[in-house]
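Asker: Could you look at this predicted model? Sequence included:
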Amino acid sequence: MQLSCACTRKYGDAPEVIITGRLDMTFPYVPTHLHYIMLELLKNSMRATVEHHGVDADYPPIKVVIADGSDNEDVIIKVSDEGGGIPRSNMKRIWSYLFTTADPEIQEGMVAFNENVDHSIDSPLAGLGYGLPISRSYARYFGGDLSIMSMEGYGTDCFVYLTRLGDTKEPLPI
């Protein structure tokens, strides 16, 4: 998994990701949107887990559960970590563009001008504060949602709701 490699490059190790539930399921969805949402959630979980437990620790795994039942109108994906959680005072801010808990040096490195290269080869696990707001927008655009429940001092559970019914209309203004 490329994400584990990015985490290992940054911290020297990465927590295991365990995926359970309906692994055989298929449903219509925009693959790039789903990839972006899951990438952002897993990046956040990996970073939080490593930073909370410290480098060279025995990391608890990040758990991904895919839930679907014959009567469910949504496919639900839960990403659960033990990365220390999010303080309640930050919960509303996580949906704001440009809000980040990343080291300011990461942001400076991403936007700094260098005439010898036109982009960075470093792929940070956190940075500009666009990941969660864009992920929620992607989910909501097709009738789903993204919600986050956190226990400060323990960890965070992220729930991605994706409508699997083929009759959801795009929310375009008329």
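Answerer: Perfect, thanks for sending it.

Asker: residue boundaries of the helices in the chain?
Answerer: With DSSP state H, the ranges of helices along the chain come out as 2-11, 31-53, 104-111, 131-141.

Asker: What distance do you get for Lys92 to Val50?
Answerer: Distance, Lys92 to Val50, using CB to CB, to the nearest Å: 25 Å. (Glycine included, C-beta is placed from N, CA and C.)

Asker: Equivalent analysis for Tyr29, please.
Answerer: 30 Å.

Asker: who's more crowded, these two?
Answerer: Higher neighbour count among Tyr29 and Val50: Val50, with 23 against 17, using other CB atoms under 10 Å.

Asker: hang on, that one packs against Pro15?
Answerer: Yes - under the contact definition of CB atoms under 8 Å, Val50 touches Pro15, with a separation of 6.9 Å.

Asker: just how off-centre is stretch 7-15 within its chain?
Answerer: In terms of CA atoms, centre = their mean, to the nearest Å, the centre of stretch 7-15 is found 17 Å from the chain centre.

Asker: Give me the below-cutoff pLDDT ranges for the protein.
Answerer: Along the chain, segments meeting pLDDT under 70 span 1, 69-70, 101-128, 165-174.

Asker: Just want the most central residue of it.
Answerer: Centrality entry for the chain: nearest residue to the mean C-alpha point is Leu41, 1.1 Å, by CA atoms, centre = their mean.

Asker: contacting residues for that residue?
Answerer: By CB atoms under 8 Å, 6 or more residues apart in numbering, Leu41 lies in contact with 79, 135, 158, 160.

Asker: Determine which two of these are furthest apart.
Answerer: Farthest-apart pair in these is Val79 and Ser135; separation 10.9 Å (CB to CB).

Asker: For stretch 30-40, buried residues please.
Answerer: 33-34, 37-38, 40 (16 or more other CB atoms under 10 Å).
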